[in-house]
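>>> Below is the sequence, then the predicted model.
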Amino acid sequence: MSDLLDTIRRTLVPIHKEGYPFILIGIVLTVLAGYFSQFFGWIFLILTLWVCYFFRDPERITPVADGLVVSPADGRVNLISTVLPPPELDLPAEPMTRVSVFMNVFDCHVNRVPVTGTIGQIHYTPGLFLNAELDKASEDNERNGLVIETSHKGAPLRIGVVQIAGLVARRIVGFVSAGDSLQVGERFGLIRFGSRVDVYLPKGTRVLVGLGQKAVAGETVLADLSGGPERQFRRI
């Protein structure tokens, strides 16, 4: 019996509290719709179950080592480029390596810090709600930027993380404040309902993922600050 209970506990993924109001609304609408129409009752029940799935918040097993940068989001790596960081982050005005992870409406949307460090600053920028997969979304869309003060081999380092709203996403929720100290893989925010997260790393950082690769927040290693030759990928 204990083995069965353990299996059930591992199968049932926790739901983040940000989803509770939406789930409650879904339950109420399901009951009301079901009272008048069985068909629409089933439709709202399916939508409510999807909302529960969307706000899932599973535990993650995070690799911990100096120099490793883990993915801040579940989704697909859709951009890897060398660009200037957003001016609102107050990072040096020099090219940095940007790795972007796009989240669709079926991905887990709880975001996690990519490195251990202290939140140096947080800057919210209002904007548009373009397709978050587009490169220009990093400049035009509503976004929330964080600067994480960390270190590598004893030297201080600042890394940028930007949550970007998309076509469907209309709300960026932050869980942290400036001055908070976080361990790699800890939760720092959430975006509803489909969006992107960019990570800005020092130029010369070794990127360990390829375009189109599936990333898991808090688990997939995006890059190594120690540098080195880039990995090669092929689609099979």
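Nice, thanks for sending it over. Residues are numbered from 1 along each chain as shown.

>>> and the spatially most central residue of the chain, what pLDDT?
For the chain, the residue nearest the mean C-alpha position is residue 73 (2.7 Å; C-alpha atoms, centre = their mean). The per-residue pLDDT reported for residue 73 equals 96.

>>> please renumber so the chain begins at 32
OK, 32 is where the count begins now, so the last one is residue 104.

>>> Can you name the helix or strand that it falls in?
With secondary structure defined by DSSP states H and E, residue 104 is part of neither a helix nor a strand.

>>> What's the separation between it and residue 196?
Taking C-beta to C-beta, to the nearest Å as the measure, residue 104 falls 13 Å from residue 196. To be clear about C-beta, it is placed using only N, CA and C from the backbone, and glycine gets the same treatment.

>>> got the residue ranges for the helices in this protein?
Listed in chain order, the helices of the chain (DSSP state H) span residues 33-42, 51-67, 69-85, 168-171.

>>> Now tabulate those helices in a markdown table and tack on mean pLDDT and distance to residue 153.
Compiled in a markdown table, those are given as follows (pLDDT from 0 to 100; distance: least, C-beta to C-beta, whole Å):
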| stretch | mean pLDDT | distance to residue 153 |
| --- | --- | --- |
| helix 33-42 | 58 | 34 |
| helix 51-67 | 94 | 24 |
| helix 69-85 | 93 | 24 |
| helix 168-171 | 85 | 17 |
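
>>> measure the residue nearest to residue 171 when sequence neighbours are not counted to residue 138 for me?
Of all residues beyond its chain neighbours, the one nearest residue 171 is residue 159 (4.9 Å), with distances taken as C-beta to C-beta, 6 or more residues apart in numbering. Applying C-beta to C-beta, the value for residue 159 to residue 138 is 22 Å.
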